[in-house]
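**Q** Quick one: sequence plus predicted model below, questions after.
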Amino acid sequence: MIAFGIMTISFDSEQSYINDIANLAEPCGMECFRFTPANINPLTLQVKGKKFMSQTKSWVDKDFPIPALIYDRCFYGDDDHSKQCIPIVSWLKNRPEITFLGYGLPNKLELYEVLKSTVLSAYLPLSQAVSNTSIVLNELTAKKRMILKPINGSQGNGIYYLKKNNKSFHVKTEKNKNIISRIFPNETKLNSWLQPLISKRPYLMQPYLELSNDDLQPFDIRILLQKGIDGKWGEMGRGIRVGSTGGILSNLSAGGFITNYDDWSSSFLPVKKDYINQELAYILSNLPSILENAFLPLFEIGIDIGIAKNGSIWILDINSKPGRKVLLHSQPDIKETLTLAPLLYGKHLSQMAQNERKSYYEKTLSH
């Protein structure tokens, strides 16, 4: 039996998804373990974690060697526990006897710097690091509107919309599914709010794009790509995320809802529908190879695509640890396929010839 390890920051993370995977592991010839990076003893290379017992459909506490195959589902925050886990995961990724299903992606700005010199450059919103408040103020004076995003952010956390009026400044964000809006009467007041924000964590700024529908609801297309049992990329599905009226985010964590892609596009004229599908096909056919040539091997990619009111199409975000909520809501019949995917790809990796595994390892070290 192949030892298949699922690594999370907390044992409370993604319990339903991980239980579903564990239930299907034995027929795939795998034993399923779960653990956190902090549970690893670097001296003995033993882990204090949990093993799934297929007979009782339950997890039991267990000491075991670090699994040879690891599915990394760690989502890091700004807390001390996350900071403790990050170097442990980096250490694991450099061990030749361990293979990760996917090795992750760098932050948003590093991704942008790579992609802007590729065939996908036209689909990228101009992104610039925010090193000081004057950069933001100068951009607002020139463009009137902009978006601030944390370079390492996820799930729409910490995103701000800024608008310059005649003398005042309007700032809008979303927290706990509520739209929070503030007016600053002058640059000095805005600067006093902005300075501690960008000092706390690194931000990038982007031009504001009109990515709302006719009801003033922000929306985007979420597409999931995964590697199959043959190691080749394929699209698993797509859905539409729609945010709150007057909001800036379509993220589900910000109170959005989901609709089926085919239902959403059915009202378009054929020429518009064909245009969108052709553009998406071009992005999806190029993106995986670009990412894997620039970075490390991946297993899955979540891509968020925005469509502006002028018809332009934008790559808003790329995630190497995507969720499945959008697809399961819009295409519930693919649940078992999505659940089996990590196991089947893990089996493919375990059967790779040693020289192929070695090339994965060498690429890992080179990065």
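**A** Noted; the coordinates are in hand. Please read these numbers as outputs of a predicted model, since none were measured by experiment.

**Q** So in this structure, where's the weakest helix or strand by average pLDDT?
**A** helix 354-366 (a mean of 50; mean pLDDT, DSSP states H and E).

**Q** Tell me what Ile240 is bridged to.
**A** Ile240 forms beta bridges with Ile221, Thr259, as assigned by DSSP bridges.

**Q** Report the contact partners of it.
**A** Listed by Cβ atoms under 8 Å, 6 or more residues apart in numbering, the contact set of Ile240 reads 219-222, 258-261, 264, 326, 330. C-beta here means a position set from N, CA and C on the backbone, and glycine is covered the same way.

**Q** Let's see that with 7 Å instead.
**A** 219, 221, 258-259, 261, 264 (Cβ atoms under 7 Å, 6 or more residues apart in numbering).

**Q** What's the ChimeraX line that selects buried ones from the residues you listed?
**A** Remark: buried members of the contacts of Ile240, expressed as a ChimeraX selection using 16 or more other Cβ atoms under 10 Å:
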select :219,221,258,261,264
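
**Q** Of the contacts of Ile240, which is the nearest to Pro87?
**A** Each of the contacts of Ile240 was scored against Pro87 by Cβ to Cβ, and Ile221 proved nearest at 35.5 Å.

**Q** Can you read off the pLDDT for that closest one?
**A** Ile221 carries a pLDDT value of 94.

**Q** Give the full set of residues in contact with it.
**A** Counting by Cβ under 7 Å, 6+ apart, Ile221 has contacts 238, 240, 261, 305.

**Q** Same question for Glu279.
**A** Glu279 neighbours (Cβ under 7 Å, 6+ apart): Ile313.

**Q** Could you grab the helix/strand/coil label for it?
**A** helix (DSSP: H, G, I helix; E, B strand; the rest coil).

**Q** about what we covered before: nearest to Val136, of the contacts of Ile240?
**A** Phe219 (26.3 Å).

**Q** correct me, but Tyr123 touches Ile313?
**A** Yes. If you go by Cβ atoms under 7 Å, Tyr123 and Ile313 touch, sitting 6.1 Å apart.

**Q** neighbour-wise, which of those two wins?
**A** Each of Tyr123 and Ile313 has its neighbours counted (other Cβ atoms under 10 Å); Tyr123 has more, 20 against 17.

**Q** ok, that one to Ser267 distance?
**A** For Tyr123, the distance to Ser267 equals 24 Å [Cβ to Cβ, to the nearest Å].

**Q** Then Ile334?
**A** 24 Å.

**Q** try Asn286
**A** On the measure of Cβ to Cβ, Asn286 and Ser267 end up 28 Å apart.

**Q** out of the two, which sits in the more crowded spot?
**A** Per other Cβ under 10 Å, whichever of Asn286 and Ser267 has more neighbours is Asn286, with 15 against 8.

**Q** What is the nearest of the contacts of Ile240 to Asp20?
**A** Using Cβ to Cβ, the contacts of Ile240 come closest to Asp20 at Ile258, 19.3 Å.

**Q** show me what contacts the closest one?
**A** 239-241, 326, 329-330.

**Q** ok, 10 Å please
**A** 222, 239-242, 250, 252, 325-330 (Cβ atoms under 10 Å, 6 or more residues apart in numbering).

**Q** Where does the prediction get shaky in this protein?
**A** 154-156, 249-255, 353-367 (pLDDT under 70).

**Q** mind listing the helices for it?
**A** 15-23, 80-93, 108-115, 133-143, 187-200, 261-265, 270-294, 325-330, 335-350, 354-366 (DSSP state H).

**Q** between the ones you listed, which one is nearest to Gln55?
**A** If we rank the helices of the chain by Cβ to Cβ, the stretch that ends up nearest is helix 15-23, at 11.8 Å.

**Q** Show me what that closest one is packed against.
**A** strand 2-7, strand 30-35, strand 46-53, strand 58-65, helix 335-350 (3 or more Cβ pairs under 10 Å, 6 or more residues apart in numbering; DSSP states H and E).

**Q** Dump those to TSV, plus mean neighbour count.
**A** Below are the helices and strands packed on helix 15-23 laid out as TSV (neighbours: other Cβ atoms under 10 Å):
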stretch	mean neighbour count
strand 2-7	23
strand 30-35	24
strand 46-53	19
strand 58-65	13
helix 335-350	19
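
**Q** returning to that earlier point: pull out the buried members of the contacts of Ile258.
**A** 222, 239-242, 250, 252, 326-328, 330.

**Q** Check the gap between the residue nearest to the spatial centre of the chain and Leu126 for me.
**A** Central residue of the chain (Cα atoms, centre = their mean): Asn319, 2.3 Å from the mean position. Going from Asn319 to Leu126 by Cβ to Cβ gives 21 Å.
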